[in-house]
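> Kindly generate the corresponding structure for this input.
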Amino acid sequence: MKHLILIFFCVLTFLLLSFRVTKVPPGINGDEVGIGRNVYLISKNLTDENNNFLPLFIFAKSSDWKQPVTVYTTALMFRIFGTSLEVLRATSILFVLVSIVIFYLFSKEIYTSRFFAVGTVILVTMPIIMIQSHLAMENIAVLPFILFWLWQLPKRPFIAGGGLGVGLFSYLGMRAIVPVLVFISLFYFRKNMKKVVNFLLGVSPFFILLYIASFHYPGAVVGHFNAPIPSINEFLLRYLSVFDLSFLFLKGDVTPYHSTGNAGMFLISTLPIFLFGIWEILKRKKSFEILILTSFFLTPLLFGFVPDIYRASRILALVPFYTIISTIGFFALSTKLRVAILVLIAVNYLFFVKDYWFNYPDRVKDNFPYTLENYNYDFTKK
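Have a look, this model is predicted:
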């Protein structure tokens, strides 16, 4: 019975995120076809479409290199539940559910059950979570690894390092995120050399594995990235664009199938508690909370080397930090203000999901080259 609150939120989240999961968006994109096709083959005969036996990285002919965390998790889902578009996209929902479980354990150990409940509401009502959970792509797979790192870091640095290391293989963008979080972790442990060593022992093998893999899977480790070194102004523009409030709270991702265009990455109604959270963290001066705040602002640092901007789908690693900071801000308010914020979040979210579920599909149908009717469940053309 003591875990009833966790069960409640997991069931509610599954029901919410799975609603119209095969209808919104109204088609499948090249990434989903690539993952679906290779997952189908691996689940059947353990080889990908290039006839490689259980490869570490998978090259999808319809898109690009795919990371093992999503591919093999989905393959396991296919083996258990059968092959279907529902199961393909449900894997993204699974990553959210696993994240909620880890957030529950994190909250119980560091905060309270009330902290978990409010934080989960903030997390699940983020537009980016609804949108990414309806796509069979790798972006959302970063969430459990970031939360696991935060949960384990204060007391179990070796395990925290290992979890962060595995996260390198969850999404291509984590190659730019994990090094920053490693340096933040080392700074956090700067007065305890034993924890520094344990953390490095946990994370280092995965960097070594990634380096070795670069010789066997050319192009898989850094993808197609070959942009020239930017000027300081270009670097700062790209990095600071991540914190453009209109991008985060009003417009969202520039890619049509990663945003409705009418809502940001986060709900605008949560902005006040996020700002209160920053203020409360700076006032309390707790080292772990300072780490969380620092991580929010420094995690996208290396994306300053990436040419395109306003890509919310690439920075889902910010979601756990935003959730925790906003939850801290929520509990810094009076009871009446808390109620008002919850009402605002509910209204704001209802407007978002109504648009997403029923209006957005018509707006983006031309952005999906593959209609659902043109593909079988093995994701090959009829």
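> use CA for all of it now, contacts and neighbours both
Will do.
> what about residue 142, how many residues close to it?
32 (other CA atoms under 10 Å).
> so residue 327 sits right up against residue 277, yeah?
Yes. When contacts are counted by CA atoms under 8 Å, residue 327 is listed as touching residue 277 (7.1 Å).
> Could you check how far the nearest residue to residue 287 once chain neighbours are set aside is from residue 44?
On the basis of CA to CA, 6 or more residues apart in numbering, the spatially nearest residue to residue 287 that is not a chain neighbour turns out to be residue 188, at 7.7 Å. Taking CA to CA, to the nearest Å as the criterion, residue 188 is separated from residue 44 by 45 Å.
> neighbour-wise, which of those two wins?
residue 188 (18 against 14).
> close enough to count as contact, the more buried one and residue 292?
No. With contacts defined as CA under 8 Å, residue 188 does not count as touching residue 292, sitting 10.6 Å away.
> Could you say whether residue 265 sits in a helix, a strand or coil?
coil (DSSP: H, G, I helix; E, B strand; the rest coil).
> what about it, distance to residue 286?
To residue 286, residue 265 is 28 Å away according to CA to CA.
> Looking at these two, which is more packed in?
residue 265 (28 against 11).
> Next, the contact list for that one, please.
Residues touching residue 265, when contacts are defined by CA atoms under 8 Å, 6 or more residues apart in numbering, comprise 126, 127, 128, 247, 248, 249, 250, 251, 252, 253, 259, 312.
> Dump those to a markdown table, plus neighbour count and pLDDT.
What follows is the contacts of residue 265, written out as a markdown table (neighbours: other CA atoms under 10 Å; pLDDT from 0 to 100):
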| residue | neighbour count | pLDDT |
| --- | --- | --- |
| 126 | 23 | 98 |
| 127 | 24 | 97 |
| 128 | 26 | 97 |
| 247 | 22 | 95 |
| 248 | 23 | 96 |
| 249 | 21 | 97 |
| 250 | 17 | 94 |
| 251 | 18 | 92 |
| 252 | 26 | 90 |
| 253 | 23 | 91 |
| 259 | 25 | 90 |
| 312 | 23 | 92 |
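> Keep only those of these that are in helices.
The members of the contacts of residue 265 that map onto helices under DSSP state H are 127, 128.
> Closest to residue 220 out of the contacts of residue 265?
Residue 220 lies nearest to residue 312 out of those, by CA to CA, at 22.0 Å.
> Would you quantify the distance from the residue lying closest to the closest one once chain neighbours are set aside to residue 311?
Closest residue to residue 312 in three dimensions, ignoring its sequence neighbours and counting by CA to CA, 6+ apart: residue 253, at 4.9 Å. Distance of residue 253 to residue 311, computed by CA to CA: 5 Å.
> ditto for residue 339
In this structure, residue 339 and residue 311 are separated by 32 Å, where distance is defined by CA to CA.
> Also residue 5?
Spatial separation of residue 5 from residue 311 under the definition CA to CA is 34 Å.
> Then residue 41?
Going from residue 41 to residue 311 by CA to CA gives 31 Å.
> Any regions of the chain where pLDDT drops low?
Low-confidence segments of the chain, defined by pLDDT under 70, are located at 1, 223-227, 371-382.
> end-to-end on stretch 128-144?
End-to-end distance (CA to CA), stretch 128-144: 15 Å.
> That stretch: how far from the chain's middle?
Computed by CA atoms, centre = their mean, to the nearest Å, the chain-centroid distance of stretch 128-144 equals 6 Å.
> just checking, residue 274 touches residue 321?
No. With contact defined as CA under 8 Å, residue 274 and residue 321 do not form a contacting pair (10.1 Å).
> between these two, who's got more neighbours?
residue 321 (23 against 20).
> doesn't residue 297 make contact with that one?
No. Using CA under 8 Å, residue 321 is not in contact with residue 297; the gap is 9.3 Å.
> Residue 339 and residue 311: which has the busier surroundings?
Set side by side, residue 339 and residue 311 show unequal neighbour counts under other CA under 10 Å, the larger going to residue 311 at 19 against 13.
> tell me the contacts of residue 136?
Counted by CA under 8 Å, 6+ apart, residue 136 has contacts 31, 32, 35, 36, 88, 89, 90, 91, 92.
> Surely it forms part of a helix?
No. Looking at residue 136 with three-state DSSP, it is coil, so not inside a helix.
> Spatially, which residue comes closest to it, not counting chain neighbours?
Residue 136 sits nearest to residue 89 (CA to CA, 6+ apart), 4.6 Å away.
> and the gap between the one you found and residue 71?
From residue 89 to residue 71 the distance is 12 Å (CA to CA).
> which of those two has more neighbours?
Using other CA under 10 Å as the criterion, residue 89 and residue 71 rank with residue 71 on top: 28 against 22.
> can you tell me how far that one sits from residue 177?
20 Å.
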